[in-house]
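Participant: Below are the sequence and a predicted model for it; my questions follow.
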Amino acid sequence: MIFSVFAYSRRGCETARRVMDLLAGEQCRGYTMEKFQQTGFSPIEKPSGAFYGEKFSASDALIFVGSCGIAVREIAPHVRDKKTDPAVLCIDELGTYVIPILSGHIGGANDLAQRLAAELGALPVITTATDINGKFSVDAWAARNGYAISSMALAKAVSAEILEHPVPLKSDFPIRSQLPPGIVAADSGELGILLSWKTDRPFHRTLRLIPQVLHLGIGCRRDTPKEAIAAAVEQVLEQYEIDPRAISCAASIDLKAQEQGLLEFCRERALPITFYTAQELRAVPGEFTKSQFVSSITGVDNVCERAAMVGAQILIVRKTACSGVTVAVAAEHREVYFG
């Protein structure tokens, strides 16, 4: 993670250095005013608006050692969206209080504040309602556990509802811990949470939390354009009611490693793709849809199903052909833990 730490006095620099020592091993950089500059700190550049804007965009967390007013003024022009804004914390120059002021849940500011406070011997000042009331913070849990949030509006609605009434939750994955405060197991109701890679809506208003646990296996003819690959994949996902955000990676045979259409399709969707040799694919255990023609061309009886199953546990979509493209989908094993 990338941390930017700002200090505005000599005593503040001492506290900032303690913070940076605690974050050793992370990519952490300290900044201070020119008159307080010392080893380990770079100057806060002018114009300050552009300087703080660049740090806001490039950092996972901004830590201001100084007053909350300074922090608020410097970040205010750059605040955009709670899904993408970095965590922002304020620590007084004596290191007495650690205050998350932006992105407490999704950005992880609350968790970072708790961590730093424990190490500094400081008091974390947490103000988000679900936390101070001991209720389940759906957006924070989703961020910590790698789940995409289907709707920030519904996440906000859940956070409001949970303060008044228990919120039902349905999971397509086994739950291996007790449910958190404010959550009850149910599969129907007005407003609820679904843990799934499917596009189901068991509740009247369903907040879906989507884990990236699915692998795409793709086969294609030579020089297949990216549009054809996209159309085939979209057809499969729609047919099997799969949320595209559940896809974590793609895979194929090494004979396709230079296929521009396939490479462009993955690049545009920020999907990592791995290419396997025929020998590696033949070694994948399981029952697959066999093709003598494919075997004669590639040296393995099935490309897409076997490629999808590398690192996965269950084949959920078998080979589906569409305009010269074959698609399969496999799922990793997933269990759910709260706490």
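Facilitator: Alright, I've got the coordinates. Residues are numbered from 1 along each chain as shown.

Participant: residues near Val163, how many?
Facilitator: In this structure residue 163 is Leu, not Val. When neighbours are counted by other C-beta atoms under 10 Å, Leu163 registers 12. Where you see a C-beta, it was placed from the backbone N, CA and C, and this is true even at glycine.

Participant: and it, what does it touch?
Facilitator: Contact analysis of Leu163 by C-beta atoms under 8 Å, 6 or more residues apart in numbering lists Ala129, Thr130, Asn133, Lys135, Gly182.

Participant: Surely the second one and Ala155 touch.
Facilitator: Right, Thr130. No - applying C-beta atoms under 8 Å as the test, Thr130 and Ala155 come out as separate, 10.9 Å apart.

Participant: so Ser295 makes contact with Val303?
Facilitator: No - assessed by C-beta under 8 Å, Ser295 is found out of contact with Val303, at 9.8 Å.

Participant: between those two, which one's more packed in?
Facilitator: Neighbour count, other C-beta under 10 Å: between Ser295 and Val303, Val303 has more, with 30 against 15.

Participant: what's the distance between the more buried one and Ala155?
Facilitator: Val303 is 39 Å from Ala155, where distance means C-beta to C-beta, to the nearest Å.

Participant: Pull out the buried positions in stretch 161-170.
Facilitator: For stretch 161-170, the neighbour count (16 or more other C-beta atoms under 10 Å) marks Glu161, Ile162, Pro166, Val167, Pro168, Leu169, Lys170 as buried.

Participant: Could you tell me the end-to-end distance of it?
Facilitator: This stretch, stretch 161-170, spans 17 Å end to end (C-alpha to C-alpha, to the nearest Å).

Participant: Same question for stretch 25-38.
Facilitator: End-to-end distance of stretch 25-38 (C-alpha to C-alpha): 21 Å.

Participant: Closest one of the buried residues of stretch 161-170 to Cys28?
Facilitator: For those, the residue nearest Cys28 by C-beta to C-beta is Ile162; the value is 34.6 Å.

Participant: dump the residue contacts of the nearest residue to that closest one once chain neighbours are set aside.
Facilitator: Excluding its sequence neighbours, the residue lying closest to Ile162 (C-beta to C-beta, 6 or more residues apart in numbering) is Gly182, at 4.1 Å. Each residue near Gly182 by C-beta under 8 Å, 6+ apart is listed here: Thr130, Lys135, Phe136, Ile162, Leu163, Pro166, Val167.

Participant: how close does the fourth one sit to Ser171?
Facilitator: The reference is to Ile162. Shown here: Ile162 relative to Ser171, a distance of 17 Å by C-beta to C-beta.
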